[in-house]
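Colleague: with the sequence up front, the predicted model follows.
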Amino acid sequence: MMILSGDPPRSRALSVLLIVIIAALAVAPFLFPGAKAMNVATKICIFAALVASYDLLLGYTGSVSFAHTMFYGIGSYAIAIALYSLGSNWGAVALGLAIGLPLAALLALVIGLFSLRVEAIFFAMITLAVASAFLVLASQLSWLTGGEDGRSFQLPELLRPGTVIIPKEWFGVAVNGRTLTYYLIFVACAAMILALLRVVNSPFGRVLQAVRENRFRAEALGYRTVFHLTYANCLAALVAACAGALNALWLRYAGPDTSLSFAIMLDILLMVVIGGMGTMYGAIIGATIFILAQNYLQALMSIASNAAADAGLPLLPGLLHPDRWLLWLGLLFIFSVYFFPAGIVGRLRAGRK
Amino acid sequence: MTEVTLPEALPQPKRDLLPVLLPLILALAMLPLIGSGSSWVTLTAASFAMGMMIFIMASGLTLVFGLMDVLNFGHGAFIAVGAYIATLVLLPLATWVQADSLLTNLAVLLPAALAAMAVSGALGLVVERVLILPVYGQHLKQILMTTGGLIVAEQTLYALWGPQIIPLPLPSALRGSFILGDVAISKYRVLAMLVGFTVFAGIQLVLNRTKIGLLIRAGVENREMVEALGYRIRRLFLGVFMTGSALAGLGGIMWALYREQVHASMGDELTVLVFIVVIIGGLGSIGGCFIGALLVAMVANYGGFLVPKLALVSNILLMVAILMWRPRGLYAVTSR
């Protein structure tokens, strides 16, 4: 209980689901050694942490930020630019983190001080504006960021796929630098999620929930709500930047499409809503379901699209084309906000009572 | 019998003219920096035209927020839909568009604009009923629902029209410029200014001189009181929402002709621009929105001329500057 900060899943089905997911992720390199499966597993880890940090904002303080991918991108780019320009050594990784994390926190502080004074809506609009300006900057300042192409780089020796740590004979699967990178990401993301769980169950987290429920009342009780909201914003930005850095390490690349695009922001929103707002566990569930669907359902869509085209149906092939995946996501998003605002975790918890 | 003496006039609300002067001051301050008078006139005219187009798109958003405390993150979808509907009319009638007579050109532009407004307005009706009605008073869900609506609308446009950019040439009579001495002002910009001023004047007239306008303004000030007086503010709001959507559609066709192309992503690009304008102007204020649109366009045009690199972030810098001066925008209308 200590490690979960006294906030257990509180539902048998949810506990089982979480244990299965975490156990599967923990042994993923041995169970699913394929390249695609490993990418999916890594993405689930990273997005679980990223979505959890977003949940701190959306679910616990009730403020919608559209700048979360910006912080994610800052983390990614910081690592990528440092490793690209300083060569592949650990010093560059450290320098990237030392520049990226404070930069993200500082930017979150400035945005928070500017826009959290007034209203949730104001914050949402300003974050959207700032994030879109940042996206333009990142794709225009090509001397620094590589523009639309992004930056590819080499990892330090230890994390490269060619570095064999334990040869194949031992477990039937070779443990190489790639496996090590995966476990680095897995442990870091688990630590971040547990830390966030700690934050939301601390007195500070209670104040955030109070602000979400009734800001006037929280203020009347003597809490400086702007301070609390801004602090939460900075924390979320820090975790997002860390997740971005891990993502860059895994991909050995950072570019606008993988770290900054509006589509990622929508993915995060959807994962939070599907998993359940205001429950850290929802982040894990939401990220897992969403990313599995994203990677394996799109193939299904393309089959359906081709079938519809063969049957000569009008419109349907276009609507079912895998590129229109976002259309169905958007519909799913509206439905889940409307019908299941508590998400999967909320459903499972309510079912127990 | 004591005679009641009425005061000379009812106390008037204080006029706050400083924001009105802001665009003028900015324009005059730029004159020495730009140096050449003719470029200054051209840039200023371009700013006015661009500002008017942005104002047309943003006016609906700010009114809807002011009246019902609803912020539509899907507003950009109406802009894109308007532009696509316009292509439905303009592209099949390309011979009329290319005809070298202003009358023929307008004979095809006008139905295109009307069709764009009608479809956007109808879409506004659907969006209000389906997406916004269930989540009144819940900002968080409003933002999420309308964002979802924006995605669905944009993706549907992609599915129906395909992902390619559709070129939309300007009618031939509107190409080229009026040339006065060494000042050149493109004809389309003059048209944009005319339409923009007409819309602004129309909105001001309706808001300040009609009963509906009175109710809208009263609703912005105090919604409950208007309801208590027996008016169905829900219906009023629906009307405002549809008008705002229709205006966004009109802005969409004008912007598409200005850029001479249509693409589904114009919705989210313009959403950001329109949000900045609405924040600068003060949420809910039509006058503020007008000035905000002008300022944004001026900064974009002068900035693009003087320091092209700055143009990428000029909008954000402008917004930050205005919010440092007035944290709730130029004219803060609502006390909410």
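Modeller: Thanks, I have the structure now. Numbers count the residues shown, from 1 in each chain, chains lettered A, B, ... in the order given.
Colleague: and the strands in the chain?
Modeller: Went with chain A since none was named. Per DSSP state E, chain A carries strands over the ranges A:151-152, A:164-166, A:175-176, A:253-254.
Colleague: chain B, not that one
Modeller: B:166-167, B:177-180, B:183-186, B:261-262.
Colleague: save the ones you listed as a markdown table, and put in mean pLDDT and mean neighbour count too.
Modeller: Where C-beta positions appear, they are placed from N, C-alpha and C, glycine not excepted. Formatted as a markdown table, the strands of chain B follow (pLDDT from 0 to 100; neighbours: other Cβ atoms under 10 Å in any protein chain shown):
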| stretch | mean pLDDT | mean neighbour count |
| --- | --- | --- |
| strand B:166-167 | 90 | 14 |
| strand B:177-180 | 82 | 12 |
| strand B:183-186 | 84 | 17 |
| strand B:261-262 | 90 | 22 |
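Colleague: nearest to chain A, of the ones you listed?
Modeller: Across the strands of chain B, the minimum distance to chain A, taken as Cβ to the nearest Cβ, is reached by strand B:166-167, at 15.8 Å.
Colleague: parallel or antiparallel, list what pairs with that closest one.
Modeller: If you go by DSSP bridges, strand B:166-167 pairs up with strand B:261-262 (antiparallel).
Colleague: contacts for the strand it pairs with?
Modeller: Identification of contacts with strand B:261-262 by Cβ atoms under 8 Å, 6 or more residues apart in numbering or on different chains yields B:83-84, B:86-87, B:165-168, B:256.
Colleague: any chance of CSV for the residues you listed, columns distance to residue B:23?
Modeller: Output for those, formatted as CSV (distance: Cβ to Cβ, whole Å):
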residue, distance to residue B:23
B:83, 27
B:84, 32
B:86, 29
B:87, 33
B:165, 33
B:166, 34
B:167, 33
B:168, 30
B:256, 26
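Colleague: in helices only, show me those.
Modeller: The helices, defined by DSSP state H, take in B:83-84, B:86-87, B:256 from the contacts of strand B:261-262.
Colleague: scan those and report the most crowded one.
Modeller: Among those, residue B:83 has the most neighbours (other Cβ atoms under 10 Å in any protein chain shown), with 30 neighbours.
Colleague: sorry, back to before: which one of the strands of chain A is the most hemmed in?
Modeller: strand A:253-254 (a mean of 24; mean count of other Cβ atoms under 10 Å in any protein chain shown).
Colleague: tell me the mean pLDDT over that strand?
Modeller: Averaging pLDDT along strand A:253-254 gives 92.
Colleague: what is it packed up against?
Modeller: helix A:68-86, strand A:151-152 (3 or more Cβ pairs under 8 Å, 6 or more residues apart in numbering or on different chains; DSSP states H and E).
Colleague: where's it relative to the chain centroid, distance-wise?
Modeller: Strand A:253-254 sits 16 Å away from the centroid of its parent chain (Cα atoms, centre = their mean, to the nearest Å).
Colleague: repeat for stretch B:318-336
Modeller: In terms of Cα atoms, centre = their mean, the centre of stretch B:318-336 is set 18 Å apart from its chain centre.
Colleague: cool, and stretch A:218-236?
Modeller: Relative to its parent chain, stretch A:218-236 has a centroid offset of 23 Å by Cα atoms, centre = their mean.
Colleague: would you mark the buried spots in it?
Modeller: If you call a residue buried by 16 or more other Cβ atoms under 10 Å in any protein chain shown, then stretch A:218-236 has these buried ones: A:218, A:223, A:225, A:228-236.
Colleague: can you count the residues close to the residue of the stretch 1-150 of chain B found nearest chain A?
Modeller: At 4.0 Å from chain A, residue B:148 is the closest residue in the stretch 1-150 of chain B, using Cβ to the nearest Cβ. Residues near residue B:148, counting by other Cβ under 10 Å, number 27.
Colleague: mind listing what it touches?
Modeller: Residues in contact with residue B:148 (Cβ under 8 Å, 6+ apart) are A:330-331, A:333-334, A:337, B:131.
Colleague: mind running it again at 10 Å?
Modeller: Residues near residue B:148 by Cβ atoms under 10 Å, 6 or more residues apart in numbering or on different chains: A:266, A:269-270, A:273, A:329-338, B:73-74, B:131.
Colleague: next: residue B:48.
Modeller: Residue B:48 makes contact with B:23, B:27, B:185, B:189-190, B:192-193, B:196-197, B:293-294, B:297-298, B:301, according to Cβ under 10 Å, 6+ apart.
Colleague: and the residue nearest to residue A:321 when sequence neighbours are not counted, how many neighbours does it have?
Modeller: Excluding the flanking residues, the one nearest residue A:321 by Cβ to Cβ, 6 or more residues apart in numbering or on different chains is residue A:305, at 5.0 Å. As a burial measure, residue A:305 scores 19 neighbours (other Cβ under 10 Å).
Colleague: what's the answer for the one 3 residues further on, then?
Modeller: Around residue A:308 sit 18 other residues, with neighbours defined as other Cβ under 10 Å.
Colleague: what's the closest non-adjacent residue to it?
Modeller: Nearest non-adjacent residue to residue A:308, counting by Cβ to Cβ, 6+ apart: residue A:316, 4.0 Å away.
Colleague: what's around that neighbour, how many residues?
Modeller: With other Cβ under 10 Å as criterion, residue A:316 counts 16.
Colleague: pLDDT at residue 126, what is it?
Modeller: The chain I'm using is chain A. Per-residue pLDDT puts residue A:126 at 86.
Colleague: think we crossed wires, I meant chain B
Modeller: In this model, residue B:126 is scored at 93, pLDDT.
Colleague: residues contacting it?
Modeller: With Cβ under 10 Å, 6+ apart, residue B:126 has these contacts: B:149, B:242, B:245.
Colleague: reformat the contacts of residue B:48 as CSV; add distance to chain A.
Modeller: Formatted as CSV, the contacts of residue B:48 follow (distance: Cβ to the nearest Cβ, whole Å):
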residue, distance to chain A
B:23, 20
B:27, 24
B:185, 29
B:189, 25
B:190, 30
B:192, 24
B:193, 26
B:196, 23
B:197, 27
B:293, 15
B:294, 18
B:297, 16
B:298, 18
B:301, 17
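Colleague: of the residues you listed - the most surrounded one?
Modeller: The most crowded member of the contacts of residue B:48 is residue B:293, carrying 32 neighbours; neighbours defined as other Cβ under 10 Å.
Colleague: look up how far residue B:147 lies from it.
Modeller: Residue B:293 is 23 Å from residue B:147, where distance means Cβ to Cβ, to the nearest Å.
Colleague: over to residue A:184?
Modeller: Taking Cβ to Cβ as the measure, residue A:184 falls 34 Å from residue B:147.
Colleague: okay, who's weakest in the contacts of strand B:261-262 by pLDDT?
Modeller: Lowest pLDDT of the contacts of strand B:261-262: residue B:168, 86.
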